[in-house]
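Asks: What follows is a protein structure lacking sequence information:
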């Protein structure tokens, strides 16, 4: 049983485990819109629970755009959820406002005691592309060069080398002539999840955008999963790999979560049309698994999250899709 709704499309998703069961959070929009491309600006966040990542109980909407006027009154997009030392749950999410037609993305923060009812922290974003380190980013919308002012898909985790927290997000680097060479993984740090300090990106290049980053450790190495589209491969990346570009999920590798990061060889999980997008890799009792939404291209968009499939780590640290997966390798 896939993670699906009869009357709504589901796409990007993220997950938390409360010690007993899995919680899935996902973007959803009504199929009555007709055109799946309209889903992005008619979005809500949904919530479901599961014991096995296969059978799901849907609990309804957990977060929606704020009443206007507000910085996030148009969209509340992809995020991540984690629990602090006191047991409070934190959601960091992408927000966009109607005043800018949703084209300027910023990072919002909400908290919850039950993982379903969320209360926004403050009346503005918790992080924006401002301050001295904003010079490393496309801090303004570069109209004619790129389609938005990118700052989205926050992934927040504990700092394994200290008492604070790290945030990674989809961004773009400043001053790069080729649009498809300016994709970046943005970075910020916090001591207590409330106040964030923007840092320079931890990675730049290869693609026009590295969407939905997820940083995790496996077998002593660090990985940053991301997704990108065939039309967003840089000229250098195409030449380096000798591949025909595909759409899907790939990853960066590092020995430290602060980098330096490098693109892994090949492409982990891609196809044309795309089989799975905006994937997450989860650690289960049986090992690593990958989950992402069934895309299949604009004309045949599916809009549900595929069942988990195994992910393997070889002796060199490279990831591949395990037995039972339709595509994979490096």
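Replies: Nice, I can see it. Note that the structure is a prediction, hence the values are computed from the model and not measured.
Asks: For the rest of this, base every contact and every neighbour count on C-alpha atoms.
Replies: OK.
Asks: Give me the phi and psi angles of residue 179.
Replies: phi -60, psi -40 (degrees, to the nearest 10).
Asks: So it is in contact with residue 208, correct?
Replies: Yes: the pair residue 179 and residue 208 passes the contact test of CA atoms under 8 Å, sitting 5.9 Å apart.
Asks: more crowded one of these two?
Replies: Taking other CA atoms under 10 Å, residue 179 and residue 208 do not tie; residue 208 has more neighbours (24 against 21).
Asks: Find me whatever residue is spatially closest to that one, sequence neighbours aside.
Replies: Counting by CA to CA, 6 or more residues apart in numbering, residue 208 lies nearest to residue 180, which is 3.6 Å off, once chain neighbours are set aside.
Asks: contacting residues for that neighbour?
Replies: For residue 180, the residues meeting the contact criterion (CA atoms under 8 Å, 6 or more residues apart in numbering) are 205, 206, 207, 208, 209, 232, 233, 234, 235.
Asks: Just say helix, strand or coil for it.
Replies: Using DSSP: H, G, I helix; E, B strand; the rest coil as the criterion, the local structure at residue 180 reads helix.
Asks: from here on, count from 218
Replies: Done: numbering now begins at 218, and the last item shifts to residue 397.
Asks: Of the contacts of residue 397, which is the nearest to residue 230?
Replies: residue 426 (18.1 Å; CA to CA).
Asks: And the closest one, how far from residue 501?
Replies: Using CA to CA, to the nearest Å, one obtains 29 Å as the distance from residue 426 to residue 501.
Asks: again with residue 341
Replies: As judged by CA to CA, residue 341 and residue 501 stand 36 Å apart.
Asks: where's the residue positioned nearest the centre of the chain, which helix or strand?
Replies: Closest residue to the average C-alpha location of the chain: residue 429 at 2.0 Å, with CA atoms, centre = their mean. Using DSSP states H and E, the element containing residue 429 is strand 428-435.
Asks: State the mean pLDDT of the very next helix or strand once past that strand.
Replies: The C-terminal neighbour of strand 428-435 among helices and strands, as given by DSSP H and E, is strand 438-445. Here the mean pLDDT over strand 438-445 is 98, rounded to a whole number.
Asks: Would you mark the buried spots in strand 438-445?
Replies: Within strand 438-445, the residues that qualify as buried are 439, 440, 441, 442, 443, 444, 445, counting by 16 or more other CA atoms under 10 Å.
Asks: and what of stretch 328-337?
Replies: Neighbour-count burial for stretch 328-337 flags 328, 329, 332, 333, 335, 337 (criterion: 16+ other CA under 10 Å).
Asks: Would you reformat those as JSON lines and include secondary structure?
Replies: Compiled in JSON lines, those are given as follows (three-state DSSP):
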{"residue": "328", "secondary structure": "strand"}
{"residue": "329", "secondary structure": "strand"}
{"residue": "332", "secondary structure": "coil"}
{"residue": "333", "secondary structure": "coil"}
{"residue": "335", "secondary structure": "coil"}
{"residue": "337", "secondary structure": "strand"}
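Asks: for residue 540, what are its contacts?
Replies: So residue 540 contacts residue 527 (CA under 8 Å, 6+ apart).
Asks: what's the distance between it and residue 500?
Replies: Separation of residue 540 from residue 500 (CA to CA) stands at 17 Å.
Asks: just the buried members of the contacts of residue 397?
Replies: For the contacts of residue 397, a burial check counting by 16+ other CA under 10 Å picks out 422, 423, 424, 425, 426, 449, 450, 451.
Asks: ok, the fifth one touching residue 403?
Replies: No: with contact defined as CA under 8 Å, residue 426 does not count as touching residue 403 (11.0 Å).
Asks: quick one: common contacting residues for those two?
Replies: Any residue near both residue 426 and residue 403 by CA under 8 Å, 6+ apart counts here, and that gives 387, 388, 389.
Asks: Name the residues linked to residue 262 by a beta bridge.
Replies: On DSSP bridges, the residues paired with residue 262 through beta bridges are residue 244, residue 280.
Asks: got it, and residue 294?
Replies: Beta bridges link residue 294 to residue 311 when assigned by DSSP bridges.
Asks: There's contact between it and residue 311 in this structure, I believe.
Replies: Yes: taking CA under 8 Å as the contact criterion, residue 294 and residue 311 are neighbours in contact, 4.7 Å apart.
Asks: Could you check which of those two is surrounded by more residues?
Replies: Residue environment comparison for residue 294 versus residue 311 gives the larger neighbour count to residue 294, 30 against 22, counting by other CA under 10 Å.
Asks: That one and residue 505: what is the separation?
Replies: Distance of residue 294 to residue 505, given as CA to CA: 25 Å.
Asks: Surely residue 513 touches residue 490?
Replies: Yes: between residue 513 and residue 490 a contact is recorded at 5.2 Å, counting by CA under 8 Å.
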